[in-house]
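1. Fold the following and give me the result.
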Amino acid sequence: MNVQDLLSEITAAPIVKRAITNHSVLNEAYDYGSAFSRGIRLDLNGIIVLLISGTASIDEKGDTVHAGDLRAQTRRTFDNITALLAAEGATWHDIVRTSCYMRDIERDYKAFNEERADFYREQKLDPLPASTGIQAILCRPDLLIEIEAIAMFRQKTHEE
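-> Numbering: from 1, shown residues only. Take a look at the predicted model:
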């Protein structure tokens, strides 16, 4: 098969989509009236893309945890994303981009960045994901941080 045939095969293949869930740590957003998935898995003919929705410090019942504690909320948010990745056979090493929304970026960025740097060191990430920090009004007044993530990896074959 030459490169042109390969490209034709890849571009002609259907894009398989399905929702990402991990009910051991997160409920479904539509359980409390929101209309979005925790994430979407795209299969581009063996290349998997995970689009993880804005994820925050909530538990399996959808309740906010660690209200008022940015560092604990950041860790819980990372744990929730880790669980969503694990449900799809991925890890933080597959993350290529994050968008980090903070209620008060001027007040909280330093503490957030310290927690993120510690978490990334624990994960032994190299290279680090591309990232943007954004100040935003979050969906609940008790949430201080919300993170979106994009992961990409090649689906393992039976030979791998």
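2. How about Gln123: what's its closest non-neighbour residue?
-> Nearest non-adjacent residue to Gln123, counting by C-beta to C-beta, 6 or more residues apart in numbering: Trp92, 4.5 Å away. Quick note: C-beta positions are derived from backbone N, CA and C, even for glycine.
3. My read is that that neighbour contacts Leu85, right?
-> Yes. The pair Trp92 / Leu85 is scored as a contact, 6.8 Å apart, by C-beta atoms under 8 Å.
4. of the two, who's got more company?
-> In this comparison of Trp92 against Leu85, neighbours counted by other C-beta atoms under 10 Å, the higher total goes to Leu85 at 23 against 20.
5. For the chain, give me the ranges with low pLDDT.
-> When the per-residue scores of the chain are filtered using pLDDT under 70, the ranges that remain are 10, 157-160.
6. hmm, try it at 50
-> Scanning the chain for pLDDT under 50 picks out no residues.
7. which stretches of it form strands?
-> Listed in chain order, the strands of the chain (DSSP state E) span residues 16-19, 39-44, 47-55, 95-102, 130-135, 145-154.
8. could I get those strands as TSV with distance to Arg116 and mean neighbour count?
-> Conversion of the strands of the chain to TSV gives the following (distance: least, C-beta to C-beta, whole Å; neighbours: other C-beta atoms under 10 Å):
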stretch	distance to Arg116	mean neighbour count
strand 16-19	26	12
strand 39-44	20	18
strand 47-55	14	19
strand 95-102	8	19
strand 130-135	8	12
strand 145-154	9	20
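9. What ranges does the protein have for its helices?
-> Ranges of helices within the chain are 3-12, 70-87, 105-123, based on DSSP state H.
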